[in-house]
Structures are given as structure tokens and as C-alpha cells.
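Visitor: with the sequence up front, the predicted model follows.
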Amino acid sequence: MRTFDFIEVLQQLLTAAKWTVALSCVALIGGGLLALVLTAAITGPFRPLYWMGRAGIQFIQGTPLLMQLFLFYFGLPLFLGVNISAWAVACITLIIFTSSYLAEIWSSSIRAIPAAQWEAASSLGLCHLQQLRYVIVPQAVKIAIPPSVGFSAQVIKGTSLTSIIGFLELTRIGQAINNVTFKPFIVYSMVAGIYFLLCYPISFYSRKMERKLHAAG
């Protein structure tokens, strides 16, 4: 058993937290771009795209993130015939996971716009894309921002599951430290504290923004 050095352990956990933040940023940026495509598919007039988009979203939301990690970790090398790093699998899985929920948030925000707004835009002779760009989306953005920001905290916490495939993020390093120090309560309390410091400001800002936009509306 190694002697527990609080400062050394804290430094190791903070270094690991950088990878947690990096993975979260990749998931949010990549997931946001993919969510734009999914949102366009499930809010557009082309029904085959709608059904394909809805099927993908329902599958991702209907299965645990942990199971998705396993499927990609063991499935991608099987189908591609090459080994894929835990970092790549974590990025791919979380991008797809994030995109499904963001697409649901954004499409719901678009559907929340009153039908009268669509009718008014149509009466101006605007096509579907023009209606979205000039009339619907500017209003939907105000509805979508608070839950989108709030969901980013869920993504950060979701990165902890990537430890199961060997990705060296905050939770994985916490497990490794506990294995040599045998101080589970202290180590995991520190891990939980770092997650709290990462997530609470985002949750607080989301609630504040929601109140502000609600008051403005």
C-alpha cells in the first residue's frame, strides 16, 4: 500500500480532469454538428429522412450509454478489421449520444413555435428553409439554449462511463489511485468534488439563463 499524499493525488486527478474536459468538448462540438443534421431531417418535409432520423434517435435514447460504449468498442474493430483506441471509441460514442439528445431538444424547440408563426411566414411566400432561417429558428433558439447548456453537464458526467473501456479520464485515474492507496472514501470524494466543480457552474448558468429568457418572453 502506498502512502496517501493529498497534493500528489489531487494533481493526478486534475491532470485526468483535463482529459474529461477534452472529451466533453469533442462530444459537444461533434454532437452539435451531427444534431444539426438530425434536426433538419426530423423537422423537414421529407418523410423518409424523418423516419430514419427518429429511428436513430430512439435507438440511442432507448439504450444505456454503457452498452453503446461496449458495442462500439468491440464492434468497430470487428467490422473495420483494425484496432481502435479507447479515445476514438469514446469520442465516437459520445458524439452520437450527444447528438441524439441535442436533436431532440432542438426539434422540440422548433415544434414549440406556434403554428401561426409558420402560417405568417408562409403567407410571405417563404419556402420551408427560409421560414426556418428567418422566422422559426431565431425564436426556437431562445427556447433551446437553456436545456442545451444544461445537457452539457450530463455529457461531462457521462464521460465517467468511458473508464469501463480503459479510457484514462477522471474516474479511471481515481480507480487506479484507489487501487494503490486503499483510500476509497477520500479518493472518490475528491473525484466527486471535481465533477461537481465542473458541472455546477454549467447547471447554475442554465437555470439563470432559463429564468432570464422566461422573464424576457
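Guide: That came in fine, so what should we check first?

Visitor: what's the longest helix in this protein?
Guide: helix 6-43 (DSSP state H).

Visitor: buried residues in it?
Guide: For helix 6-43, the neighbour count (16 or more other CB atoms under 10 Å) marks 9, 12-13, 16-17, 19-20, 23-24, 26-28, 30-32, 34-35, 38-43 as buried. C-beta here means a position set from N, CA and C on the backbone, and glycine is covered the same way.

Visitor: what does stretch 195-213 give?
Guide: For stretch 195-213, a neighbour-count test (16+ other CB under 10 Å) marks 195, 198-199, 202, 206, 209-210 as buried.

Visitor: which helices and strands sit right next to the helix or strand bottoming out on mean pLDDT in the chain?
Guide: For the chain, scoring each helix and strand by mean pLDDT, DSSP states H and E identifies helix 128-131 as the least confident one, at a mean of 82. The elements that helix 128-131 packs onto, with contact taken as 3 or more CB pairs under 8 Å, 6 or more residues apart in numbering; DSSP states H and E, are helix 115-123.

Visitor: contacts only, for residue 10.
Guide: Shown in contact with residue 10 (CB atoms under 8 Å, 6 or more residues apart in numbering): residue 190.

Visitor: now the least confident helix or strand of the chain: buried residues?
Guide: residue 131.

Visitor: same check on stretch 90-109?
Guide: Neighbour-count burial for stretch 90-109 [16+ other CB under 10 Å]: 90-107, 109.

Visitor: ranges for the strands of the chain?
Guide: Using DSSP state E, no strands are found in the chain.

Visitor: list the contacts of the residue nearest the centre of it.
Guide: Most central in the chain under CA atoms, centre = their mean is residue 98, positioned 3.5 Å from the mean C-alpha point. Shown in contact with residue 98 (CB under 8 Å, 6+ apart): 27-28, 30-32, 34-35, 151, 155.

Visitor: what is the nearest of the residues you listed to residue 125?
Guide: The closest of these to residue 125 turns out to be residue 35 (CB to CB; 29.6 Å).

Visitor: can you pull the pLDDT of residue 214?
Guide: Residue 214 is assigned 64 on the pLDDT scale.

Visitor: before we move on, what about residue 2?
Guide: Confidence for residue 2, expressed as pLDDT, is 69.

Visitor: ranges for the helices of the protein?
Guide: Assigned by DSSP H, the chain shows helices spanning 6-43, 47-61, 65-80, 86-111, 115-123, 128-131, 137-158, 170-181, 184-216.
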